[in-house]
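# the following block contains a protein sequence and its predicted model.
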Amino acid sequence: MIATAPPTTGVLDSHWSPALEDLLACGRSAGADLVEVFLERTDHLGVLAEQDTITSVTPAFGMGAGIRVFLGKRDGFVSTNDLSPAGLRRALEQALGMLGLAPGNSSRSGFEGLPALRDFGASKRDWLQRCPELKEATARLLEGTDQLQRQGNHLQARRGSYARDWQEVLIAASDGTFGRDIRLHQSVGLNVLAADGEHRAGVGRRYGTSDQPDDLRRWDATASAAEVCASAGTMLYADYVEAGQMPAVLANRFGGVIFHEACGHLLETTQVERGTTPFAERVGEVIAHEAVTAIDEGLTGGAFGSLSMDDEGMEAQRTVLIQNGVLQRFISDRAGELRTGHSRTGSGRRQSHTFAAASRMRNTFIDAGPHTPEELIASVDKGLYCKSMGGGSVGPTGQFNFAVEEGYLIENGQLTKPVKGATLIGEAKEVMPRISMCANDLELAAGFCGSVSGSIFVTVGQPHIKVDSITVGGR
Amino acid sequence: MSNTNSTGAATGLSAEQLRSSLASIAAANGIRRWDLGAACSTDISVQVDRGEPKQMKGAQRSSITVRVWNEAGLVGVTSTSDLSEAGLERALTGAKEASAFGNADDIPAFSPLATAPLAPLDQPIHAPQGILRLLDTLKGAEQELLARHDAIATVPYNGLAERSSERIYLNSDGACRQQQLSTASLYLYARAEEAGRKPRSAGAVRLAYGAGDLDVAGCINEAAERTISHLNYAPIATGHYTCVFSPEAFLDLIGAFSGLFNARAVLDGVSLSNRESIGENLAVPFLDIHDNGLHPGNIGASAFDGEGTPTQRLALLEGGVLRNFLHSEATARAFGVKPTGHAGMGAKVSVGPDWFEVSATPGSGGGQSGLERFKVGEPIVWIDSLSALHAGVKASQGSFSLPFDGWLIQDGEPRSIEAATVAGDIRQVLKAIVGFEGEAKITPDGLCPMVWVEGLSITGEA
């Protein structure tokens, strides 16, 4: 069946060892400091339900390799769909040529062969087979859109979507890295467009996990639909927010996108390399309010950004980025360590074999604080409560922005009327010291992050937090 | 199924080989009706950092998407990058299995225009220059940009790339489309900072059919001028302003709300338009918008869409009145019109714009005569570039709230705006246009003059 059949074109395991050793030895003998080969097989299934009909089923499968060669602080990277010995050799030679190297042009050696394979995928062989088959997946999605119909009002369009991404990777490098893993990410999204006369509100939520084949079976369609419908019902008649500077309380879960965009990206060594982070020389210094402790890790079971090893073969770890407002360290990959001196953190990640790995976030969150969410809201005379956040981005000078999907005015310490159309903008180094209160209700939320090495699975998270003053764009 | 030469560059897919393989696999699996979209490309690109090569990349890619119609007439689809015989067979049989879940209420068919003549495109094929020449060119460009002003310390985002690509569309009724293309791109995004002041940045992009044809000097000049122009900045007071959109910014806005013109979005109930909207006044009476993928300024134009329908010029707005929607085969059939060449490929076929032409309605004067009244007295906001459209645009609601780079113009004197957002509703924007200014400019997204709009909400930090 489509939903369960593994790829038929080969398996990535230790049988690849001789071919990989040949490539790595060839690259080293050409004079490369380090050669890395990333092999990948993928199996994707996408399903879309609209109203009460399955309107699209999109299976896809593929394979490919990315070969990276380092010489000094430079690197060349070539990707290919051709996994034949000749195809891989051609890709290696192209990567070597980018650095002025060619096979046989150097007497350099030092590659002692690959060690035994560290196989993180051994216990995951049946994950794809254990995922719901297509018939079951479509039935669950239709259950979601049916729940939207039952629970919503004025719904002009209802959509449910399911994505299942299975990936097998084999990574070998001339420094002795040799690892294999299987990754599984599943997500379900529900979206509605509510319309009543001139009033319109589009609301969506996506729920995602990693490494849990049963995820779709366990998904609570009723609760998810209730959340979406409640938000749409509230926002349908909301007024536009009045623009200005004001304090804001950001809800937990996806509210963590503020830290992801405003600060997390600036703590990636790719930003240090480019000279685009204001925090480059500030390890050990206060960069945030003392209420803020921030973590990036790849270990939380089932979280969207968790991984057994990163895309450079390094095991995941827990990295404290900021402790009580003091910058502790950066998120780093192999190239980042080479070019900035910040040691690797198991954060070398890429969307697929067509991208070179780069320092990227995993599960990134502000840690819980001592307050209750109610205490944060009660501390604001006039401001904005951001219950649900949309996407955002950060620019090359550290300016960030993100959309508020569901907002409420705070007046005299109480939530009052809903407002829409708000965008929060600011600069990381100015906003981080203004996060003055953190609540005790940390939760994580699945998301996708697009950056230099493509779109990857991540988690954002935080408890309720209070920002003393932020620019709110509106009408 | 893709061929390579001794340098590793793909020399193209073989349409005949693909057709032959698919036909035999389809016959062996009882599949009578199928179509296929295939693409392959070779890319090389370089980035530099203060005179040193930062990353050099190469890629060879190939992929196909196949659609299969089953005995009941339902459609299934599968995509793969595995173009081996085994991969093709798995794709076809997978699509056949997926067809069991095809949507009986919306079944795509072959485009009736899949064998119609294609409009000629002047797209010269250039041989790649090679990565070392690209590297030299980019290093030189970076050096020249850094020398333009003491405050420009880095060019953190830069890249020079070449691509050779090929697309094929085949179907079991004998349609065969094939297009080869070479393109090159250059982007330079500089960062400038003066002592005690915030860093500022801006950039420029150029496209061409070959690296040798890229306007490198123009890209350097534009990136330098724009970056330097933002060094003298100040916050702006929140309020309502008359705004001048650069061609790039206005085209970004139109593109973000292209669901207005999209028949798929109309049928799905997520467009601001509906089936009866053709003929409605959506904008001021002097606004024309055409979609014209065939314009010679559209570097890398596709000669046909995902269903093999020829690309064409299509009137969307004329005199502010909605004239046509963008269509696939299936949406065209639902509306009783012909496909317009704007389809993707899939079980549910997506629809999207190619390249916009924004202009004054012929004979209308374009409102230019009335602009002088806005140039004295009240300050004007010049919106040079919009950011974060993925987050700040509510396409199905019509609203937007977007950060932008630009200038506040008071009595003819521009000063860069420190940080601000512009917010509004696209339907109001289209009716609040007060005129156009300057020659229409060719950009990667279309052709457009500067567009003046009254009364937009700006949020600043003053």
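Happy to help now that I have it.

# burial count for the residue in chain A positioned nearest to chain B?
Using Cβ to the nearest Cβ, the closest approach of chain A to chain B is made by residue A:473 at 3.1 Å. Where C-beta positions appear, they are placed from N, C-alpha and C, glycine not excepted. Using other Cβ atoms under 10 Å in any protein chain shown, residue A:473 has 29 other residues around it.

# now swap in residue B:29 and tell me
Around residue B:29 there are 13 residues (other Cβ under 10 Å).

# pLDDT score assigned to the nearest residue to residue A:285 once chain neighbours are set aside?
Residue nearest to residue A:285 in three dimensions, not counting chain neighbours: residue A:327, with 6.0 Å by Cβ to Cβ, 6 or more residues apart in numbering or on different chains. You'll see residue A:327 listed with a pLDDT of 98.

# for the host helix or strand of residue B:220, list the C-alpha coordinates in PDB.
According to DSSP states H and E, residue B:220 maps onto helix B:216-229. Extracted in PDB, the C-alpha atoms of helix B:216-229 (Å, rounded to 0.1, in the frame of the first residue of the first chain):
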ATOM      1  CA  VAL B 216      26.500  43.400 -12.300                       C
ATOM      2  CA  ALA B 217      27.300  47.200 -12.300                       C
ATOM      3  CA  GLY B 218      23.600  48.100 -12.000                       C
ATOM      4  CA  CYS B 219      23.200  45.600  -9.200                       C
ATOM      5  CA  ILE B 220      26.200  47.100  -7.300                       C
ATOM      6  CA  ASN B 221      24.900  50.600  -7.900                       C
ATOM      7  CA  GLU B 222      21.400  49.900  -6.700                       C
ATOM      8  CA  ALA B 223      22.500  48.000  -3.600                       C
ATOM      9  CA  ALA B 224      24.900  50.800  -2.700                       C
ATOM     10  CA  GLU B 225      22.500  53.600  -3.300                       C
ATOM     11  CA  ARG B 226      19.700  51.900  -1.400                       C
ATOM     12  CA  THR B 227      21.900  51.000   1.500                       C
ATOM     13  CA  ILE B 228      23.400  54.400   1.800                       C
ATOM     14  CA  SER B 229      20.100  56.100   1.600                       C
END
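
# and for that helix, what's in contact with it?
Here helix B:216-229 makes contact (Cβ atoms under 8 Å, 6 or more residues apart in numbering or on different chains) with B:137, B:140-141, B:144-145, B:148-149, B:151-152, B:155, B:186-192, B:200-206, B:384, B:407, B:414, B:416.

# okay, and which of the residues you listed map to strands?
Using DSSP state E, B:152, B:155, B:186-192, B:200-206, B:384, B:407, B:414, B:416 are the members of the contacts of helix B:216-229 that sit in strands.

# now these: which count as buried?
B:152, B:155, B:186-192, B:200-206, B:384, B:407, B:416 (16 or more other Cβ atoms under 10 Å in any protein chain shown).

# so which of these are also by chain A?
B:189, B:191, B:200, B:201 (Cβ under 8 Å from any Cβ of the partner chain).

# state the pair within those residues that is farthest apart.
B:189 and B:200 (11.5 Å; Cβ to Cβ).

# tell me where the model's unsure across the stretch 251-400 of chain B.
The model of the stretch 251-400 of chain B has pLDDT under 70 over residues B:366-376.

# go again with 90.
B:346-347, B:363-378, B:387-388, B:390-392 (pLDDT under 90).

# surely residue A:375 and residue A:440 touch.
No: in this structure, residue A:375 is not within contact of residue A:440 by Cβ atoms under 8 Å, at 9.6 Å.

# show me what residue of chain B gets nearest to chain A.
residue B:421 (3.1 Å).

# before we move on, what SS does that residue have?
strand (DSSP: H, G, I helix; E, B strand; the rest coil).

# for residue B:326, which non-adjacent residue is spatially closest?
Nearest one to residue B:326, counting by Cβ to Cβ, 6+ apart, is residue B:342 at 4.1 Å.

# picking up where we left off before, may I have the phi/psi pair for the residue of chain A closest to chain B?
Backbone geometry at residue A:473, expressed as degrees, to the nearest 10, gives phi -80, psi 140.

# specify the angle between the longest helix seen in chain B and helix B:216-229 in degrees.
Longest among the helix segments of chain B by residue count, using DSSP state H, is helix B:131-146. Relative orientation of helix B:131-146 versus helix B:216-229 (axes from the mean of the first three to the mean of the last three Cα atoms, to 10 degrees): 30 degrees.
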